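K.L.:
Fold the following for me, if possible:
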Amino acid sequence: MGRITDSVKVLLIINILFYIGSMALGNGAYELFALYFPLNENFHVWQLVTHMFMHDPGSITHILFNMFMLYMFGSQMEHHLGQKKFLFLYFSAGLGATGLQLLFSFISFSPGYEAFIASGFSHQEIITFLSQGEYSSRVLELVSQETINNTFRTFITTSIGASGAVFGLLAAFMILYPNLPLMIIFIPIPIKAKYLIGGYFLLNVFSAVSGVSLVGPANTAYWAHIGGALIGFIMMWYWKKNSFNKHRWY
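P.N.:
Numbers count the residues shown, from 1 in each chain. Next comes the predicted model:
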């Protein structure tokens, strides 16, 4: 894919430093920089960006896969787009991924929250016992255990990783070079980018909708992957379509 570009090099270094730092600092780093559910007291605005540089310390494959994809596709995209547009694409895709993931988190959280409200609990009472993870007998009498578990799971789940931003790069690459043959380790024949990346995107859509993990562990944030890919697709499609008219961006 050619020489590694400056922005990709910096992004790789930042991700690696965050990974090493989070391993050294432990849970404290994740409480500060991982993305918490917005109603959780551990949520902070800066987590919308910092979580993109955090990866699971218990799985080296998480950061290796994302950094390999960033290296393989990022430099080519920066060569083509230039530094400013590349960084705009990368962080826009990351934020788009975050937005879609949070949307579905709220959709998942709402039924349980409404069940608590309908049972006579105030907003503060709900947040308090979700934060403490302890339920009184009154809670268990009025709300089902399944509802409590589902609501609690959403409330405490954190998001980490550069996958959403990387998926944006993959989608943009597919629009820019749809017929470029790509090789994958487990398939000994070249596959056009539009089929390989498009197929990978569809697998993520299937997993997001069905809940069956085909391309990652069970806790993979598939909606984040989809959100990042959609932003990358739309932005690259617009830039490519308007590259020779008055709407082009220098």
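
K.L.:
Determine the number of other residues adjacent to the closest residue to G74 other than its chain neighbours.
P.N.:
In this structure, G74 finds its nearest non-sequential neighbour in V8, 4.1 Å apart by Cβ to Cβ, 6 or more residues apart in numbering. (Glycine included, C-beta is placed from N, CA and C.) A total of 26 residues lie near V8 under the criterion other Cβ atoms under 10 Å.

K.L.:
Checking my notes, V8 in a helix, right?
P.N.:
Yes: assignment of V8 by DSSP: H, G, I helix; E, B strand; the rest coil places it within a helix.

K.L.:
C-terminal to the strand or helix carrying I197, what's the next element?
P.N.:
I197 belongs to helix 193-210 when assigned by DSSP states H and E. Moving toward the C-terminus from helix 193-210, the next helix or strand (DSSP H and E) is helix 222-241.

K.L.:
what are the C-alpha coordinates of that next one, in CSV please?
P.N.:
This file holds the C-alpha atoms of helix 222-241, laid out as CSV (Å, rounded to 0.1, in the frame of the first residue of the first chain):
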residue,chain,number,x,y,z
TYR,A,222,-21.8,-4.0,15.4
TRP,A,223,-23.9,-0.9,15.3
ALA,A,224,-20.8,1.2,15.7
HIS,A,225,-19.2,-0.7,12.7
ILE,A,226,-22.3,0.0,10.7
GLY,A,227,-22.4,3.7,11.7
GLY,A,228,-18.8,4.3,10.8
ALA,A,229,-19.2,2.5,7.5
LEU,A,230,-22.2,4.6,6.6
ILE,A,231,-20.4,7.9,7.3
GLY,A,232,-17.4,6.8,5.3
PHE,A,233,-19.6,5.6,2.4
ILE,A,234,-21.6,8.8,2.2
MET,A,235,-18.7,11.2,2.6
MET,A,236,-16.6,9.4,0.0
TRP,A,237,-19.5,9.1,-2.4
TYR,A,238,-20.2,12.8,-2.1
TRP,A,239,-16.5,13.8,-2.6
LYS,A,240,-16.1,11.5,-5.6
LYS,A,241,-19.3,12.7,-7.2
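
K.L.:
list the buried ones in it?
P.N.:
Judged by neighbour count using 16 or more other Cβ atoms under 10 Å, the buried positions of helix 222-241 are 222-236, 239.

K.L.:
Looking at those, spot the one nearest T61.
P.N.:
In terms of Cβ to Cβ, no member of the buried residues of helix 222-241 lies closer to T61 than H225, at 15.7 Å.

K.L.:
residue contacts, the closest one?
P.N.:
When contacts are counted by Cβ atoms under 8 Å, 6 or more residues apart in numbering, H225 touches A97, S163, G164, F167, F201, N204, A208.

K.L.:
Check Y36 too.
P.N.:
Contacts for Y36 (Cβ under 8 Å, 6+ apart) come out as N42, F43, H44, Q47, T158.

K.L.:
hang on, the first one packs against F33?
P.N.:
Just to be clear, that refers to N42. No: the criterion here is Cβ atoms under 8 Å, and N42 misses it with F33 at 10.6 Å.

K.L.:
so H55 sits in a strand?
P.N.:
No: counting by three-state DSSP, H55 is not part of a strand but coil.

K.L.:
helix or strand for the closest residue to it other than its chain neighbours, which one?
P.N.:
For H55, ignoring the flanking residues on the chain, the nearest one in space by Cβ to Cβ, 6+ apart is I63 at 3.9 Å. Taking DSSP H and E as the definition, one finds I63 inside helix 60-69.

K.L.:
again with F106
P.N.:
Using DSSP H and E, F106 falls in helix 83-118.

K.L.:
what angle do the helix or strand immediately after that helix in the chain and helix 83-118 make?
P.N.:
For helix 83-118, the following helix or strand on the C-terminal side (DSSP H and E) is helix 123-132. Angle, helix 123-132 to helix 83-118, by axes from the mean of the first three to the mean of the last three Cα atoms, to 10 degrees: 110 degrees.
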